[in-house]
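Participant: build me a model:
(2 chains)
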Amino acid sequence: MIDNNQLLRFTTAGSVDDGKSTLIGRLLYDSKSIFEDQLEAIENTSKRKGHNGVDLALFTDGLRDEREQGITIDVAYRYFTTPKRKFIIADTPGHIQYTRNMVTGASTANAAIILVDARHGVIEQTKRHAFIASLLQIPHIIVCVNKMDLVDFSEEAYNKVINQFEEFSSKLLIKDIRFIPLSALNGDNVVNRSKHTDWYQGAPLLHTLETLHISSDINKIDARFPVQTVIRPQSESHRDYRGYAGRVASGVLRVGDVITAMPSGFTSKIKSIDTFDNKLKEAYAPMSVTITLEDDIDISRGDMIVRCNNKPDASQDIEVMLCWLQNETAKPRAKYLVKHTSNEEKAMIKEVVYKIDIKTLERLEDDKSLNMNDICKVRIRTTKPLMVDSYRENRTTGSIILVDEMTNETVAAGMIV
Amino acid sequence: MSKYYLNYIDELESEAIYVLREVWAQFQNPVILFSGGKDSIVVTHLARKAFYPAKIPFSLMHVDTGHNFPETIQFRDNLIKELGVNLIVGSVQEAIDNGRVAEERGKNATRNTLQITTLLDAIETNKVDCAIGGGRRDEEKARAKERFFSHRDDFGQWDPKNQRPELWNIFNGRHFEGEHFRAFPISNWTEMDVWNYILKENLAIPSLYFAHKREVVWRQNSWIPNSEFLKLEPSEEVVQKKIRFRTLGDITITGGLESEADTLEKIVNEVSTMRQTERGNRTDDKRSESAMEDRKRQGYF
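Facilitator: Have a look, this model is predicted:
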């Protein structure tokens, strides 16, 4: 059962009453991923609150404050497994700090589920969610047209949502998009095919999640190996061993490959690719391995091993789509620590090029302040070159975070243009 | 011909190794919190893989409540010897003797909450800046929001509403003196994943996880092992049962379940058909709906 099962990470977005928690609860319940004692607990709470039947949405409530207020504050992670795949759900809240949380949940996702209420169609929030999903380059987007039971499972209502969505999303960079008519409350087209949507030829949500082609989600072309740490056992059996430990960010590396160590530019050949279990002939993303080289060159944490004929840009000036995550507003020309793969350098935000009005998705060229949940295009200057690819080509070597050295807080997330 | 993608268990392993290497690179003095339970055994095994062919570069830290299963202590000592790593023990008994904490009273008194003080003391005394734990997000609702790198203030407290956002796989372990981090390399694993991994790697685990005959008492819907620490109620009766433990905590609060599963294969089969969560047998979580969250805020594992 383990052999070919892949891991799929998805995030869920919807506005307050779109039924997001109910959908997740339904997915878990109908795929038999809820344990009896958990079900018993939410049955009791449902009764106490005077709900009719079991409120599946309660299953996703986490912290005490949320249970009291009936809202979701922070990204929570849920897990379920079917015979075909293991799933990780990043459940992100729909309202407070939605940008910050959705960006966090979206950063590692293969797929995004965007909920739309069939009665209301595409609203402002839907556009924001789709925009963030495209900004974070989530490879697959599934638009769930929910509450179909409240529009009599009308094909017309469903098609209207599709048209609305396609109209504005044509401007966004989205690789794969699908639509599913469903009712999370009653379970139509969530795990089981609905009897009420004969006109819908596609698969229910779970089947769609189980069969999305995700092997190509990681860049398999550009070999990038950020070095996390150097392994030197200095033991009897491994006296001269010097291995570079890291996780392949993208592409494939093979024994015998001629490589360049960045930023030094020294070249060598891969002598071995080691793991605890085996010596490998090749390693591909996202494998954690230890690489040894034919020559004794100086490489340390923060450096990157790449193939000599396919290098990232080494640059001190980078253009970034930045999402501001902190309460505190960015100061003009403020200095931060930039973290990029295993590397960190000091950096300054030199210029805010424009800010995106998250309501209209238009560019604001006049307002250049960086406030919580703002998304801006900025120019950053670093003290030493970073080895970067564009985020569009590489989600690992194309992403950064900014840390405020005065508070140590993570203040921003950036995608390199 | 290679397929160029990992199956989920290999991907989870690779992710955990990545996290462990980040811990090593970002902190001065990390330790692995080792309880002798299956999750900390898996984390220790992953650390062995992460730094091979070097030894595990961390000490193991055990918070000893004094209410242990003897089997767990034996297992711990053997593993330490095999790995050649250093062991730090924080003793709850010592904290009680020194008057740092007072024993709980009442019928279901445990030393569970007392561990918090001992753990935080041990972290402070040993100048630990990152404690690596086997916590998993699927275990309990308060843990579902835990980060891989989780910040603790200088009182060792967790503030779940003010956590650092964690994006992609870039972890921010920066902290001021006196503060520390908890790191959870197997955050994304479920109980089933842990068992499948133990089976796949053929890891040694304490005999308590396998079905065995033991003297037990029926209490709060599970079989509590008889021990010198257990106070029997007049209505309670000690009986012999073939049981196994699904999680390991203190001997006073860890309930067993009747089982015939005496091999890893049988355990994996049994776990895959379980309809109750694993912490359902832990009386420490049954105290209130937010029992775990309250303990975690104060500095619990």
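
Participant: need phi/psi at A:R128.
Facilitator: According to degrees, to the nearest 10, the main-chain angles of A:R128 amount to phi -60, psi -50.

Participant: can you pull the contacts of it?
Facilitator: Going by CB atoms under 8 Å, 6 or more residues apart in numbering or on different chains, A:R128 touches A:98-99, A:358-359. For glycine as for every other residue, the C-beta is placed from the backbone atoms N, C-alpha and C.

Participant: phi, psi of A:L173?
Facilitator: Phi and psi for A:L173, reported as degrees, to the nearest 10, are phi -90, psi 90.

Participant: rewinding a little: closest one of the contacts of A:R128 to B:M274?
Facilitator: Sorting the contacts of A:R128 by distance to B:M274 puts A:Y98 at the head of the list, at 36.0 Å, by CB to CB.

Participant: can you check the pLDDT for the closest one?
Facilitator: Predicted confidence (pLDDT) at A:Y98: the value is 71.

Participant: cool, and A:L337?
Facilitator: At A:L337, the pLDDT value in this model is 97.

Participant: which helix or strand contains it?
Facilitator: strand A:335-340 (DSSP states H and E).

Participant: need the distance between the two termini of stretch B:49-56.
Facilitator: According to CA to CA, to the nearest Å, stretch B:49-56 extends 9 Å from its N-terminal end residue to its C-terminal end residue.

Participant: not counting it itself, show me its contacts.
Facilitator: For stretch B:49-56, contacts defined as CB under 8 Å, 6+ apart pick out A:231-235, A:237-238, A:241, A:243, A:245, A:274-277, A:288, A:290, B:13, B:16-17, B:20-21, B:24, B:32, B:44, B:47-48, B:57, B:83-85.

Participant: what is the mean pLDDT for it?
Facilitator: On average, stretch B:49-56 scores 96.

Participant: give the buried residues for it.
Facilitator: By 16 or more other CB atoms under 10 Å in any protein chain shown, the buried positions in stretch B:49-56 come out as B:49-52, B:54, B:56.

Participant: go on, stretch A:264-281?
Facilitator: For stretch A:264-281, the neighbour count (16+ other CB under 10 Å) marks A:268, A:270, A:272-276, A:280 as buried.

Participant: you'd agree B:D64 is up against B:I88?
Facilitator: No - under the contact definition of CB atoms under 8 Å, B:D64 does not touch B:I88, with a separation of 10.3 Å.

Participant: and these two? Which one has more around it.
Facilitator: Neighbours of B:D64 and B:I88, each counted by other CB atoms under 10 Å in any protein chain shown, are more numerous for B:D64; the result is 20 against 17.

Participant: spit out the contact partners of the more buried one.
Facilitator: B:89-93.

Participant: sorry, back to before: could you identify the buried members of the contacts of stretch B:49-56?
Facilitator: Buried among the contacts of stretch B:49-56 (16+ other CB under 10 Å): A:231, A:233, A:241, A:243, A:245, A:274-276, A:288, A:290, B:13, B:16-17, B:20-21, B:24, B:32, B:44, B:47-48, B:83, B:85.

Participant: mind listing the helices for chain B?
Facilitator: Ranges of helices within chain B are B:8-26, B:38-51, B:70-83, B:92-97, B:114-125, B:191-201, B:264-272, B:291-298, based on DSSP state H.

Participant: would you turn those into TSV with distance to A:F153?
Facilitator: Listed next are those as TSV, based on distance: least, CB to CB, whole Å:
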stretch	distance to A:F153
helix B:8-26	35
helix B:38-51	46
helix B:70-83	57
helix B:92-97	60
helix B:114-125	53
helix B:191-201	36
helix B:264-272	36
helix B:291-298	41
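
Participant: rank those by pLDDT, which is bottom?
Facilitator: The weakest mean pLDDT among the helices of chain B belongs to helix B:291-298, with a mean of 66.

Participant: what's the spacing between the helix or strand that contains A:E167 and its chain's center?
Facilitator: For A:E167, the host element (DSSP H and E) is helix A:155-169. A distance of 25 Å separates the C-alpha centroid of helix A:155-169 from that of its chain, computed with CA atoms, centre = their mean, to the nearest Å.
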